[in-house]
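# Below is the sequence, then the predicted model.
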Amino acid sequence: MLKYIGFRIFQALLGLWFIATLVFILSRSIGDPAEVFTARNSGVDAREIMAAKLGLDRPVHEQYLKFLGQLVRLDLGDSVSNGIPVTQILVERMPATFTLGLVALIFALVFSLPLGVLGAVYRDSAIDWIAKVLAFLGQSMPPFWSGIMLIILFAVVWEMLPPAGKGGWTSYILPGFTLGWGVMAGMVRLVRSSMMDVLDSDYVVMARAKGLPEAVVIGKHALRNALLPVLTYSSLVLGAFMNGSVVVEQVFAWPGIGTSAVQSVVRRDFPVIQGVVIVFGSFFILINLFVDILYAVIDPRIKYTP
Amino acid sequence: MANTTIQTAVPASAWLVRVRSSLSVARRVPKIPTAVLLVLMIFALFGQWIAPHSPVAVDMANSFAPPVWHEEGTANNLLGTDKLGRDILSRLIRGARVSLSLSLFVIGLGGGVGVALGLISGYAGGKVDAVMQRGIEVILAMPTILVALVFVFAVGRSFESVILILSPFLAARFARIVRGETLSVRERDFVAIAKVIGTPAWMILLRHILPNVFNTIIVLATLEVGHLILLESSLSFLGVGVPPPQPAWGLMVADGREFLTSAYWITLFPGLCILAAVLSLNLFGDWLRDTLDPRRRQL
């Protein structure tokens, strides 16, 4: 198993290197790098200083090594629109994105666990249908639009919740729900199907035969065993939230990393974009790594053939 | 002589059985999703003759006209107009073409490459497979929308650049699933026999393996069109999709954001179109999967 974990870590490092290299190639191919990394109207001096900083007079492989060296030291350069170090911008904005992701995950779990369990226990009942409709809607609705519709209903018409921005706990409800709804679909289906598998298993039949109350059978014997795939899925979902947050943060003017990504595209602020891609990409890869290792530790039946 | 009659008789009855079974399948098609998809396809193909107005004609005197069921609404603009006085209904009809054609291009390009890679990866096995799988994992581990943002930032906003950036992601998804199917088909007897009689590898892939993974490909493609419409509209919403004045649904939603309280129709209808299209594709895809390929309920 250690060999497997070692291999997965190596693979993750390979992925990180791949993303970094991709960003490097991109930064050198979309125009004069000295111009790409400086503000649009900056003078010749600023560009020359940047050229010296990037080592543009040196051969490409030296520039590349320099770039990797700076990455390892977490130096992502400075924003061209306000001169703040990119690392600082990202560190400041990260908590907003992560808390939003966490709230969305809680929303998704709170809705999908009971709906999935009840759907599996009472197949084809009204609640099973409600779960299905909710799931299909979540899967098919563009999050930017459902977010706007929720704003119209809850903030404009009923004036119950703040329409945008990050403030008290009420400001988390709409963006969290919007982000969570999309993954709720997959989760309801997963809970339902793994619950159905478990309900047919011998130990549940045994528990029923012993005459245990139905609530204990479902809640204790079945649910606990049905939860493992859901937990794995939850951690993968955090990765999906990285993607969704770009859109949802934009709708709710949420001061997170996703918003800064879109803003920097508008401002043509390449260092910030580069930083966001590296951070999001790394996060994706690290989550996958974490899940795989967790799986290997929890479930010894997994074969470790790379 | 007798032989030939028997030979023709058997295929003829087989053909009849096939027609009958496909008729009975056709009767079980989910009606509403199929109808919605047909309407969208008609819009996409014949939109310019159906739409009451040009989707890009600006009419400032008639801006923010409400839909027909409002008091000030007129039958001239059934679903109202936007801030430039452009007819919403005509833009929605034209938007169907943008969304569907873009998705189909991506399915053709990305899906085609993905199927080829998946077949090769699954059939070759060993080092080729290992290297391809690592590459696919890296692509699948990248946040699509963000990468697309950056790519469009770099190469500029156009129909083609959206297709180019979405295709690799789709190819990776196709490749992974087709590879999995290929792995199991590869072990079947008819492949072993084909190998023994010296059939070249490409022929085995095309004649023996591809037909056996075809159902999976069709189901996957249907479900992925819905996914692509969502992605494309998200990119349009963020301002990096198909460039204006092309009426992409996502862009229309973004256009209406400033006027939510005064002119909700600009935002509401394009969103409903996306929802209807994606929901229908998902329902249709689910039905197709249950019909063609009951083993893959997890897809």
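Yep, it's here. Numbering: from 1, shown residues only, chains lettered A, B, ... in the order given.
# Quick check: phi and psi at B:Asp87.
Backbone torsions of B:Asp87, given as degrees, to the nearest 10, read phi -70, psi 120.
# In terms of helices and strands, where is the nearest residue to it once chain neighbours are set aside?
Nearest non-adjacent residue to B:Asp87, counting by Cβ to Cβ, 6 or more residues apart in numbering or on different chains: B:His53, 3.9 Å away. The C-beta positions use only the backbone N, C-alpha and C, and glycine is treated the same way. Assigned by DSSP states H and E, B:His53 falls within no helix or strand.
# Now do the closest residue to B:Ile229 other than its chain neighbours against B:Phe169, distance only.
Among residues not flanking B:Ile229 along the chain, B:Ser99 sits closest, at 5.0 Å (Cβ to Cβ, 6+ apart). Distance, B:Ser99 to B:Phe169, using Cβ to Cβ, to the nearest Å: 17 Å.
# ok, the two, which is more surrounded?
More crowded of B:Ser99 and B:Phe169, by other Cβ atoms under 10 Å in any protein chain shown: B:Ser99, with 27 against 22.
# Check which helix or strand the residue nearest to B:Ile229 maps to.
With secondary structure defined by DSSP H and E, B:Ser99 is part of helix B:88-106.
# try B:Phe151
helix B:144-155.
# and the following helix or strand past that helix, how far from the chain's centre?
Following helix B:144-155 in sequence order, the next helix or strand is helix B:159-186 (DSSP H and E). Here the centre of helix B:159-186 is set off from its chain's centre by 13 Å, with Cα atoms, centre = their mean, to the nearest Å.
# now check helix B:159-186, is it near chain A?
No: Helix B:159-186 stays clear of chain A (Cβ under 8 Å from any Cβ of the partner chain), getting no nearer than 10.8 Å.
# elements contacting the helix or strand that contains A:Leu109?
A:Leu109 belongs to helix A:86-121 when assigned by DSSP H and E. If you count contacts as 3 or more Cβ pairs under 8 Å, 6 or more residues apart in numbering or on different chains; DSSP states H and E, helix A:86-121 packs onto helix A:126-140, helix A:173-199, helix A:223-251, helix A:257-266, helix A:270-298.
# Is any residue of the third one near chain B?
When you say that, I think you mean helix A:223-251. Yes: with Cβ under 8 Å from any Cβ as the criterion, chain B is reached by helix A:223-251 at A:Gly239, A:Met242, A:Asn243, A:Val246, A:Val247, A:Gln250.
# List the single closest residue to the third one in space, sequence neighbours excluded.
Same thing as A:Asn243. B:Pro143 (4.4 Å).
# who's in contact with stretch B:85-96?
Stretch B:85-96 is contacted from outside by B:40, B:43-44, B:47-48, B:50-65, B:67, B:77-82, B:246-249, B:252, B:265-266, B:269-270, B:273, B:277, using Cβ atoms under 8 Å, 6 or more residues apart in numbering or on different chains.
# Go ahead and build a ChimeraX selection from the buried members of these.
Only the buried entries of those go into this ChimeraX selection, using 16 or more other Cβ atoms under 10 Å in any protein chain shown:
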select /B:40,43,44,47,51,53,55,62,64,65,67,77,79,80,81,82,246,247,248,249,252,265,266,269,270,273,277
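# returning to that earlier point: the residue nearest to A:Asn243 against A:Phe280, yeah?
Yes: applying Cβ atoms under 8 Å, one finds B:Pro143 in contact with A:Phe280, separated by 4.9 Å.
# Now do the shared contacts for these two.
Common neighbours of B:Pro143 and A:Phe280, using Cβ under 8 Å, 6+ apart, are A:Met242.
# how about low-confidence regions in the chain?
This is for chain A. Chain A contains residues with pLDDT under 70 at A:30-32, A:39-42, A:298-306.
# that's the other chain; I wanted chain B
Looking at chain B by pLDDT under 70, you get B:1-13, B:293-299.
# what helix or strand is the residue in chain A that chain B sits nearest to on?
Closest residue of chain A to chain B, Cβ to the nearest Cβ: A:Trp145 (3.4 Å). Following DSSP H and E, one finds A:Trp145 within helix A:143-150.
# For that helix, give me every contacting residue.
By Cβ under 8 Å, 6+ apart, the list of residues contacting helix A:143-150 from outside reads A:174-175, A:177-179, A:181-182, A:244, A:247-248, A:250-252, B:233-234, B:237, B:250, B:253-254, B:257, B:260, B:267-268, B:270-271, B:274-275.
# Quick one, which of those residues are buried?
Among the contacts of helix A:143-150, those classed as buried by 16+ other Cβ under 10 Å are A:174-175, A:177-179, A:181-182, A:244, A:247-248, A:250-252, B:233-234, B:237, B:250, B:253-254, B:260, B:267-268, B:270-271, B:274-275.
# looking at it, A:Pro162 is touching A:Ser171, isn't it?
Yes: with contact defined as Cβ under 8 Å, A:Pro162 reaches A:Ser171; the gap is 4.8 Å.
# can you give me the angle the helix or strand containing B:Tyr123 makes with helix B:159-186?
Of the helices and strands defined by DSSP H and E, B:Tyr123 is found in helix B:112-124. Calculated by axes from the mean of the first three to the mean of the last three Cα atoms, to 10 degrees, helix B:112-124 forms an angle of 20 degrees with helix B:159-186.
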